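*Asks:* Coordinates for the following, if possible.
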Amino acid sequence: MDYNKTITKNIITKTIFITGLLTTLFTMTAQVGIGTTSPDNSAALEVQSTTKGLLPPRVTYSQMNAITDPAEGLMIYCTDCATKGLYVFNASIWQSIFYPDRVITLIGEVTSGSGKTWMDRNLGASRVATSSNDSEAYGDLYQWGRNSDGHQSRTSDIANGPVTSGNEGSNFIINASNSPYDWLDPQDTDRWVENSKGPEDPCPSGYRVPTEAEWEAERSAWVYNDAIGAFVSNLRLPAAGYRDRSNGSLDNVGSNGSYWSGTISGTNARSLVFDFDNANMYSNGRANGFSVRCIKDD
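*Replies:* Numbering: from 1, shown residues only. Down below sits the predicted model:
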């Protein structure tokens with residue numbers, strides 16, 4: 001046996017292996033592709049999939065603020081912020097990607113006149129209402145059965161409907177003349193579920209859209225059965241107005257409050273509606289944009 005040839009061969013083999021390993025590591029450091037072997041030249045990381053999404057870390061408000069020295073551009077998903085969703089650190093504060101002008105606040109709780117635990121503000125609101133027409137306490141306006149997909153913004157784009165599920169995008173879907181005045185066709189009564197959290201319920205974890213009975217219990221505990229009673233109640237409900245199903249316009253802001261329940265009524269859904277003269281439960285077309293106040297899911 002020629003030991004010198006054997007040693008030389010082993011050295012060459014190891015050199016080739018190490019060179020290949022270093023090349024692979026360098027390539028992985030420079031660019032990484034998941035689901036693709038040729039990531040775009042401009043991307044350090046490219047993920048390709050037609051069946052799955054990218055899931056960022058999901059943390060609570062307290063966990064987010066406990067991150068030590070977060071890097072500028074760090075991104076997380078906050079599960080219990082007053083406006084839940086994606087947040088990015090901009091070198092000084094955490095900001096919502098979809099609502100960069102909103103102050104980041106923790107969801108507060110309040111015990112209502114009926115003894116139930118609710119969020120202390122409307123979904124999407126910056127603060128607890130300081131008056132019946134406090135614009136920072138109005139919050140977003142949801143079409144019945146929709147999650148927080150962008151349509152709830154008071155300035156979201158409109159599109160004609162009804163549409164099939166999955167084609168709504170972030171648009172507010174108007175339906176001016178097609179009974180049953182839903183944004184969705186065919187209708188789906190299981191998107192929000194009475195007495196439990198439905199698959200498209202927009203409320204944060206641990207909360208859900210209230211039922212008609214739960215709204216009625218609150219209304220019966222008010223001192224006055226009108227917008228004043230709504231505001232001076234423990235829930236501090238503002239007259240946030242609504243978004244009209246027929247054209248997407250904002251109506252009665254500051255004079256009317258319209259709040260969805262998870263209770264359906266035939267092809268409509270039940271809602272609490274109040275102004276400065278009266279308050280009651282009504283059936284309304286699901287394409288309307290109403291406020292959502294979340295109740296704790298016991």
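
*Asks:* can we go C-alpha only for contacts and neighbour counts from here?
*Replies:* Fine.

*Asks:* Okay, helices next: where are they in the protein?
*Replies:* For the chain, the helices defined by DSSP state H cover 3-30, 61-65, 212-219, 227-232.

*Asks:* The shortest one: how far from the chain's middle?
*Replies:* In other words, helix 61-65. 18 Å (Cα atoms, centre = their mean, to the nearest Å).

*Asks:* Next, the buried residues of it.
*Replies:* 61, 64 (16 or more other Cα atoms under 10 Å).

*Asks:* For the stretch 51-200 of the chain, give me the ranges with low pLDDT.
*Replies:* 82, 91-93, 99-107 (pLDDT under 70).

*Asks:* Kindly recompute the last result at 90.
*Replies:* Counting by pLDDT under 90, the stretch 51-200 of the chain has low-confidence residues at 51-55, 59-73, 75-76, 78-109, 113-114, 126-127, 176-178, 195.

*Asks:* Put the alpha carbons of stretch 242-258 into PDB.
*Replies:* Extracted C-alpha coordinates of stretch 242-258, given in PDB (Å, rounded to 0.1, in the frame of the first residue of the first chain):
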ATOM      1  CA  TYR A 242     -72.000  54.100  11.300                       C
ATOM      2  CA  ARG A 243     -71.000  53.400   7.700                       C
ATOM      3  CA  ASP A 244     -73.900  53.100   5.300                       C
ATOM      4  CA  ARG A 245     -74.300  49.800   3.400                       C
ATOM      5  CA  SER A 246     -75.600  51.600   0.300                       C
ATOM      6  CA  ASN A 247     -72.600  53.800  -0.500                       C
ATOM      7  CA  GLY A 248     -70.000  53.500   2.300                       C
ATOM      8  CA  SER A 249     -70.600  57.000   3.700                       C
ATOM      9  CA  LEU A 250     -70.200  57.900   7.300                       C
ATOM     10  CA  ASP A 251     -73.500  58.900   8.900                       C
ATOM     11  CA  ASN A 252     -74.700  60.300  12.200                       C
ATOM     12  CA  VAL A 253     -71.200  60.500  13.700                       C
ATOM     13  CA  GLY A 254     -71.500  62.100  17.100                       C
ATOM     14  CA  SER A 255     -75.200  61.700  17.300                       C
ATOM     15  CA  ASN A 256     -75.900  57.900  16.900                       C
ATOM     16  CA  GLY A 257     -74.300  54.800  18.200                       C
ATOM     17  CA  SER A 258     -74.700  51.400  16.400                       C
END
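
*Asks:* Leaving out chain neighbours, which residue sits closest to residue 32?
*Replies:* Closest residue to residue 32 apart from its sequence neighbours, by Cα to Cα, 6 or more residues apart in numbering: residue 45 at 4.8 Å.

*Asks:* My error: substitute residue 149 in the last question.
*Replies:* residue 170 (5.4 Å).

*Asks:* who touches the one you found in this structure?
*Replies:* 149-151, 156-157 (Cα atoms under 8 Å, 6 or more residues apart in numbering).

*Asks:* 7 Å instead?
*Replies:* 149-151 (Cα atoms under 7 Å, 6 or more residues apart in numbering).

*Asks:* I'd like to know which elements the longest strand along the chain is packed against.
*Replies:* Of all the segments assigned as strand in the chain under DSSP state E, the longest by residue count is strand 257-265. Counting contacts by 3 or more Cα pairs under 7 Å, 6 or more residues apart in numbering; DSSP states H and E, strand 257-265 packs against strand 268-274, strand 289-290.

*Asks:* how far out from the middle of the chain is the first one?
*Replies:* Right, strand 268-274. 21 Å.

*Asks:* Phi, psi for the residue nearest to residue 149 please.
*Replies:* Dihedral angles of residue 170 (phi, psi; degrees, to the nearest 10) stand at phi -110, psi 10.
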